[in-house]
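Peer 1: The sequence isn't on hand, but the structure is:
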């Protein structure tokens, strides 16, 4: 085995499968063949065994390694084992997902093991589920991983844009996107208030708000509670927004989301690309008092959504601000082992805006940046003054928190 060798070994248990299907050799072999081929792996040979009185084993020899299924019709269980290596390594996960779709189990448990020397420090391809649905390995920095134990998987699916998991954890019901934690039941108020409250109190007025991303809907609801009369909520991933409304105990309910899609009430949901929506708003002459960018984290490496963090996108947002308007953006993490994107955002904001304020919560790891086109000599004092008159009453932000949170990390000041 070479030092660069990496393989993906997927172990899955399908429960609640139809007993007749569990004993149908022809259908099971066909399902395995079709799933492997669709996943892009190469089948060399397939052998099978029908047991008496019931049960089936199908084993496929692959150019990339092997795949097998073994069934227990008496309990409706199918055990799956797929190992692939080389450039097609992640095809193991894809094959198991396709097999799951063909066999329609009621319960699924999966574990993905990265094998080989090269796997120890290799980042996981973002399009592929990387862990057992009973755990998620969240990359937090070079060589650092946070492991989330999942007590119950509620949603595990690939939307057109990302791999999405909603699960019950020690932090309550939690949302993950491409293995990155997006929000949790216990911390979401702290996160959303850190992103929204400083913008509310820095803005000169608060009537029209544009939110790009933030699919849970909490930011939209906070904006209305703070006095906004119109909230345009733009998100490209319709399926994710709908699943969040259906399963998260915070943010939109399904009925609230449906009303917002119909344009009923102050919140209007638009399923669109943020870039395209900005262009249409500019053509219409629309201006906003607060614009919020809340997307999956900017990547240090190249990533398609990075364009929504970069200078041109910030410039387009800035052009849509009303007088005294504020742009708020999730700007990365201040910890020294993962602060590269924060430094980038800091420099971009100072290139774009006359006044920039940061807010970092001691109770959450993310930093947010707020920019306005107007020059304000003492913005934090103005923010703490307005906090007392804000219709929305924050649970996690007060005047002292605003003062402390506005102190930039040392690495940004040197």
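Peer 2: Thanks, I have the structure now. The structure presented is a predicted model; accordingly, all values stated were derived computationally and were not measured.

Peer 1: Please make it C-alpha for all contacts and neighbour counts, starting now.
Peer 2: Will do.

Peer 1: Residue 376: what secondary structure?
Peer 2: coil (DSSP: H, G, I helix; E, B strand; the rest coil).

Peer 1: what sits against it?
Peer 2: 354, 355 (C-alpha atoms under 8 Å, 6 or more residues apart in numbering).

Peer 1: change it to 6 Å
Peer 2: Counting by C-alpha atoms under 6 Å, 6 or more residues apart in numbering, residue 376 touches no other residue.

Peer 1: Excluding chain neighbours, give the residue nearest to residue 350 in space.
Peer 2: Using C-alpha to C-alpha, 6 or more residues apart in numbering and skipping residues adjacent in sequence, the residue nearest residue 350 is residue 356, 6.5 Å away.

Peer 1: what number of residues lie near that neighbour?
Peer 2: 23 (other C-alpha atoms under 10 Å).

Peer 1: can you check residue 77 too?
Peer 2: Residue 77, neighbours per other C-alpha under 10 Å, totals 22.

Peer 1: isn't it right next to residue 15, touching?
Peer 2: Yes. Counting by C-alpha atoms under 6 Å, residue 77 touches residue 15, with 4.6 Å between them.

Peer 1: bridging residues for residue 157?
Peer 2: As for beta bridges, residue 157 partners with residue 164 under DSSP bridges.

Peer 1: Quick check, it in contact with residue 164.
Peer 2: Yes. Between residue 157 and residue 164 there is a contact under C-alpha under 6 Å: 5.4 Å.

Peer 1: Residue 158 and residue 136: what is the separation?
Peer 2: 15 Å (C-alpha to C-alpha, to the nearest Å).

Peer 1: and those two? which has more neighbours close in?
Peer 2: residue 136 (23 against 18).

Peer 1: quick one, what contacts the more buried one?
Peer 2: 147, 148.

Peer 1: Is it within a helix or a strand, and which one?
Peer 2: strand 135-141 (DSSP states H and E).

Peer 1: following that strand, which helix or strand shows up next?
Peer 2: Counting by DSSP H and E, the next helix or strand C-terminal to strand 135-141 is strand 144-149.

Peer 1: Who are the packing partners of the lowest-mean-pLDDT helix or strand in the chain?
Peer 2: Of all helical and strand segments in the chain, the minimum by mean pLDDT, DSSP states H and E falls on strand 107-115, at a mean of 77. In terms of contacts (3 or more C-alpha pairs under 6 Å, 6 or more residues apart in numbering; DSSP states H and E), strand 107-115 is packed against strand 7-15.
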